[in-house]
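Chemist: Please find the sequence and the predicted model below.
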Amino acid sequence: MPSADLIKALKTALPPACILEGDILANRPAALGRSDTIQAPILLRPATTEEVSMVLRICHAHGQAVVTHGGLSGITHATDTTPDDVVLSLERMRAIISIDATQRVAVVEAGATLQQVQEAADAGGLLFPLDLGGRGSATLGGNAATNAGGNRVIRYGMARDMILGLEVVLADGNVLPAMNRMIKNNAGYDLKHLFIGSEGTLGVITKLVLRLREKLTRQDVALVAVPGFGALTQLLRHMDSALGGGLSAFEVMWPEFYRLVTRPPAKGRAPLRDGYPLYVLIEAFSTDAAADAERFNAALEQALDQGLVADAVIAKSQEEVEALWALRDDVGQIMQFGKPFCFDVSLPIAAMEDYVQSITKSIAGRWAEHHLWVFGHVGDGNLHVGAHVLDESDAVRRAVEEIVYRPLQAVGGSVSAEHGIGLEKKGWLHLSRSPQEIALMRTLKSALDPKGILNPGRIF
Ligand code: ZN
């Protein structure tokens, strides 16, 4: 339990609206979609950077563990709490501070949701290109802390590539203003990168400067069936080249995932017949309606002629665009059979076919009755894997992890492409990072958070 002294100090320093405890807090779910509840006895929700600073100054003085909460849409248990923790939630710091259309930057508070930021950029005639399924709840602070990826990395990069500056409150309560607005700034170390992707272990992000792009008005989407993995890699290069930089998503579905999202109880229906080796959702974003639609269709026709595509359906209206994306986004269907084990890995595209075959064989060899769904952002080397083998115990989970993670080391892949390490993947970090890298991570952690109060136990 946090000490009575600490609670007293917090209550003296902060306005009552900042503090939640007792029944109001006890019923909060631990994270989105979870049935268990928050375990920490107190949640602090400051409204300003000064109040965040106050919280950390007091917690630091008492050596109190602090778990930071954004939108709680992460899936690596990084935001789980214990009865010994204090929660610091950014939920009241959600302002869009400014949209500067000339400089093409937005300044926002860390608790603003991704959707809020997307809408504000859009209202300002611009685009904030980060996009992922959790947009309605995920916050920009969380997106930065986890270096979120999502669906359009192939075109715009990850969250790291869209953040120009940050304001961070350090573990001891000191505020680090690093609100750079320049795209180019090589004046010494670029400290924002220390905090992006640090999963809240090095500081608490309170504000962000975001890079905005020109709004794209034309969206072309097709779902295609591909005759094999060799054709798939050629198709990716062909489309990227033929669309002249317009390719914004290349989302591959292996057959078991395709069947799952196109048959009842899923709401989606199959636009292409079942039985092809692979399905790909291809999207291009651009600005010139007529010319770009023509180019998109021509690129697909060439792919058909070259045998890279066996069959294709092109969306002809916004409803059809949404229906095709809805298939890819209907990931929740993997819960049909119980709670699957979910993975988020990356590996070189040349190694993917063998990798998927090898994990399929290992899982089928060990558990006769099983489901294995593979899908993901193949253009970025990122696969999502869902496995259900009836037994949901921790021991079985570990055995499945061994099958999914171990082969990544030999091909230089990652045990976490975009979801982070959190508490869940700590035991596997060494497969993707050298001992020297992990040692330097620990050095940075002890330099910035000597008492180890920020999200303790995450990553390593
Ligand atoms: Zn993803």
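Modeler: Yep, that arrived.
Chemist: Skipping its backbone neighbours, what lies nearest residue 283 in space?
Modeler: residue 249 (3.9 Å; Cβ to Cβ, 6 or more residues apart in numbering). (C-beta placed from N, C-alpha, C; glycine too.)
Chemist: Tell me if the one you found really is in a helix.
Modeler: No: secondary structure assignment (DSSP: H, G, I helix; E, B strand; the rest coil) places residue 249 in strand, not in a helix.
Chemist: Could I get the average pLDDT for stretch 162-179?
Modeler: Per-residue pLDDT over stretch 162-179 has a mean of 98.
Chemist: Now do that stretch: distance from first to last residue.
Modeler: Start and end residues of stretch 162-179 are separated by 13 Å (Cα to Cα, to the nearest Å).
Chemist: tell me what the regular element (helix or strand) spanning residue 294 is packed against?
Modeler: Element membership for residue 294 (DSSP states H and E) is helix 289-305. Packed against helix 289-305, as judged by 3 or more Cβ pairs under 8 Å, 6 or more residues apart in numbering; DSSP states H and E, are the following elements: strand 218-226, helix 229-242, strand 278-286, strand 311-314.
Chemist: Any chance you could list what contacts the first one?
Modeler: Right, the one you point to is strand 218-226. 232, 235, 271-273, 276-289, 292-293, 296, 300, 303, 308-315, 320-321, 324-325, 327 (Cβ atoms under 8 Å, 6 or more residues apart in numbering).
Chemist: May I see the PyMOL selection of the buried members of the residues you listed?
Modeler: Buried subset of the contacts of strand 218-226, written as a PyMOL selection, criterion 16 or more other Cβ atoms under 10 Å:
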select buried, resi 232+235+271+272+276+278+279+280+281+282+283+284+285+286+292+293+296+300+303+308+309+310+312+314+315+320+321+324+325+327
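Chemist: ok, and what's touching the one helix or strand in the chain whose mean pLDDT sits lowest?
Modeler: Lowest on mean pLDDT, DSSP states H and E among the helices and strands of the chain sits helix 23-26, with a mean of 88. Residues from elsewhere that reach helix 23-26, judged by Cβ under 8 Å, 6+ apart: 37, 38, 40, 41, 42, 43.
Chemist: Mind putting those into CSV with distance to residue 376?
Modeler: Putting the contacts of helix 23-26 into CSV (distance: Cβ to Cβ, whole Å) gives the following:
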residue, distance to residue 376
37, 32
38, 31
40, 34
41, 39
42, 39
43, 34
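Chemist: farthest-separated two in those residues?
Modeler: 37 and 42 (14.0 Å; Cβ to Cβ).
Chemist: okay, these two: which has more neighbours?
Modeler: Between residue 37 and residue 42, counted using other Cβ atoms under 10 Å, residue 42 has the larger neighbour count: 19 against 12.
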